[in-house]
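# The amino acid sequence is not available; the structure is as follows:
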């Protein structure tokens, strides 16, 4: 299966291409570069009307050519496919995800109508919510140099729906030959010091949560004995701890939904928040019940 990258002509997309090229080379798979072009010039507004469909397509081809050159520099001898497809970028990438090993996008790209960069691209959030394969979102300012020896970070919520994320995280740590940091934060709200003075036995609760993490990791540690694992158990906001450890990591892996998510939600609150603030590439893995 191919590794698919969304290309839109932005520098952020090129950062995603660099990450995906190295990842495709690591996993010995084909890299597929996809650029979407609206079906009619009118969908792009006045500029496209003036330039015409052929000029729009030529522009997309130039974007792909630059992306392919970027990928070739990032990973030598890589099998690269490239295609301009008609349709909305989000819809095109969701269709691509049906047959992709994983889908890679930048956190933001060129606005479809204005050409202005968006704080978080609507395409990035859409594919993270609905893609049929794991999605990697690469931050705008990420520095990929010198990160190869950094650990993989995984958020473990203790639920069955989060099991696929743990499985992928162990596999990634093994393939990259780096340690795994398993972060289990068992409260969705920040707790001030004054609030801890109540009748609950926080020490017993903490020990129980440590057992939850140990149980979730046990089978995977047996399967990947070569992966050193560091466990982090805390009572706080999951996002804060994942960002903190992610600053020293090369990849954060989370489930698409977690224990705190409402039934039927396509993307959990932690995953959604990390789309905005993850300090390194973020991989969102669909849960077993998604």
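Sure, I can see it. Just so it is clear, the structure is predicted and the values come from calculations on it, not from any experiment.
# so what pLDDT did the residue lying closest to residue 77 once chain neighbours are set aside get?
Residue nearest to residue 77 in three dimensions, not counting chain neighbours: residue 25, with 7.9 Å by Cβ to Cβ, 6 or more residues apart in numbering. Yep, even glycine has a C-beta here, placed from its N, CA and C like the rest. With respect to pLDDT, residue 25 scores 96.
# so residue 25 is in which element?
Of the helices and strands defined by DSSP states H and E, residue 25 is found in helix 11-26.
# buried set for that helix?
Residues 12-25 are the ones in helix 11-26 that count as buried (16 or more other Cβ atoms under 10 Å).
# Tell me how far the residue nearest to residue 77 lies from residue 73.
Remark: distance between residue 25 and residue 73 (Cβ to Cβ, to the nearest Å) = 12 Å.
# any low-confidence regions in the stretch 101-250 of the chain?
Applying pLDDT under 70 to the stretch 101-250 of the chain flags the ranges 109-121, 187-202.
# just so I have it, where are all the helices in it?
For the stretch 101-250 of the chain, applying DSSP state H, counting those that start in this stretch gives helices covering 122-130, 163-176, 202-223, 238-246.
# now stretch 55-72, how far from the chain's geometric center?
23 Å (Cα atoms, centre = their mean, to the nearest Å).
# contacts for it?
5, 7-9, 13-14, 17-18, 20-21, 31, 33, 35-38, 41, 44, 48, 78, 80, 82-84 (Cβ atoms under 8 Å, 6 or more residues apart in numbering).
# Surely the residue nearest to residue 77 and residue 79 touch.
No. The criterion here is Cβ atoms under 8 Å, and residue 25 misses it with residue 79 at 9.6 Å.
# Find the nearest non-adjacent residue to residue 12, please.
residue 106 (3.4 Å).
# Can you name the residues that contact that neighbour?
6, 8, 10, 12-13, 15-16, 121, 124, 137-138, 140.
# mind checking how far it is from residue 279?
For residue 106, the distance to residue 279 (Cβ to Cβ) stands at 15 Å.
# Kindly report the same for residue 135.
Going from residue 135 to residue 279 by Cβ to Cβ gives 18 Å.
# between these two, which one's more packed in?
residue 135 (28 against 19; other Cβ atoms under 10 Å).
# any idea which helix or strand carries residue 287?
Assigned by DSSP H and E, residue 287 belongs to neither a helix nor a strand.
# Contact partners for it?
The contact partners of residue 287, taken as Cβ under 8 Å, 6+ apart, are 161-165, 255-257.
# re the thing from before, make a PyMOL selection of the buried ones in the contacts of stretch 55-72.
A single PyMOL command is used to select the members of these judged buried by 16+ other Cβ under 10 Å:
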select buried, resi 5+7+8+9+13+14+17+18+20+21+31+33+35+36+37+38+41+44+48+78+80+82+84
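# Can you report how many residues lie near residue 122?
Residue 122, neighbours per other Cβ under 10 Å, totals 15.
# residues touching the nearest residue to it once chain neighbours are set aside, list them.
The shortest distance from residue 122 to any residue other than its chain neighbours is 6.9 Å, reached at residue 90 (Cβ to Cβ, 6+ apart). Counting by Cβ under 8 Å, 6+ apart, residue 90 touches 122-123, 126-127.
# go on, residue 132?
94, 97-98, 286.
# Considering those residues, which possesses the most neighbours?
Top of the contacts of residue 132 by neighbour number is residue 286, holding 23 neighbours under the definition other Cβ under 10 Å.
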